[in-house]
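In: No sequence on hand, only this structure:
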């Protein structure tokens, strides 16, 4: 069985940083036009999913 993961569609992301600010495990890194999620640190809390005004982060099973 696959573990759920949070994925960000970088083509749609406007790099506003809101998701970074709500991540309790500091798993999201944003540098200029690069955003990535450290899957080892991500706890799948879904805060980034809930806060993103564009609905970009998604949990994939």
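Out: Arrived safely, thanks for sending. Keep in mind the model is a prediction, meaning the values are calculated, not measured. Residues are numbered from 1 along each chain as shown.

In: how close does residue 35 sit to residue 2?
Out: Look at residue 35 and residue 2: by C-beta to C-beta, to the nearest Å, they are 22 Å apart. Every residue, glycine included, has its C-beta placed from N, CA and C.

In: next one: residue 40
Out: In terms of C-beta to C-beta, residue 40 sits 16 Å off from residue 2.

In: returning to that earlier point: specify which residue of residue 35 and residue 2 has the higher count of neighbours.
Out: It is residue 35, of residue 35 and residue 2, that has more neighbours when counted by other C-beta atoms under 10 Å, with 20 against 6.

In: Hmm, residue 27 and the more buried one touching each other?
Out: No: between residue 35 and residue 27 there is no contact under C-beta atoms under 8 Å: 11.3 Å.

In: tell me which element the closest residue in space to residue 33 that isn't next to it in sequence falls in.
Out: Counting by C-beta to C-beta, 6 or more residues apart in numbering, residue 33 lies nearest to residue 15, which is 5.8 Å off, once chain neighbours are set aside. Counting by DSSP states H and E, no helix or strand carries residue 15.

In: Residue 15 and residue 35 touch, don't they?
Out: Yes: Residue 15 lies in contact with residue 35 (C-beta under 8 Å); the separation is 6.2 Å.

In: Need the contact partners of stretch 42-54.
Out: Contact partners of stretch 42-54, identified using C-beta atoms under 8 Å, 6 or more residues apart in numbering, comprise 4-6, 12-14, 16, 18-19, 22-25, 27-28, 57-59.

In: Buried ones among the residues you listed?
Out: Neighbour counting over the contacts of stretch 42-54 (16 or more other C-beta atoms under 10 Å) leaves 6, 13, 18-19, 23, 27-28, 57 as the buried ones.

In: out of these, which are inside helices?
Out: Among those, the residues falling in helices (DSSP state H) are 18-19.

In: Show only the entries of the buried ones among the contacts of stretch 42-54 found in strands.
Out: Using DSSP state E, 6, 28 are the members of the buried ones among the contacts of stretch 42-54 that sit in strands.

In: and residue 7, what are its bridge partners?
Out: For residue 7, the beta-bridge partners are residue 58 (DSSP bridges).

In: Alright, calling it a day.
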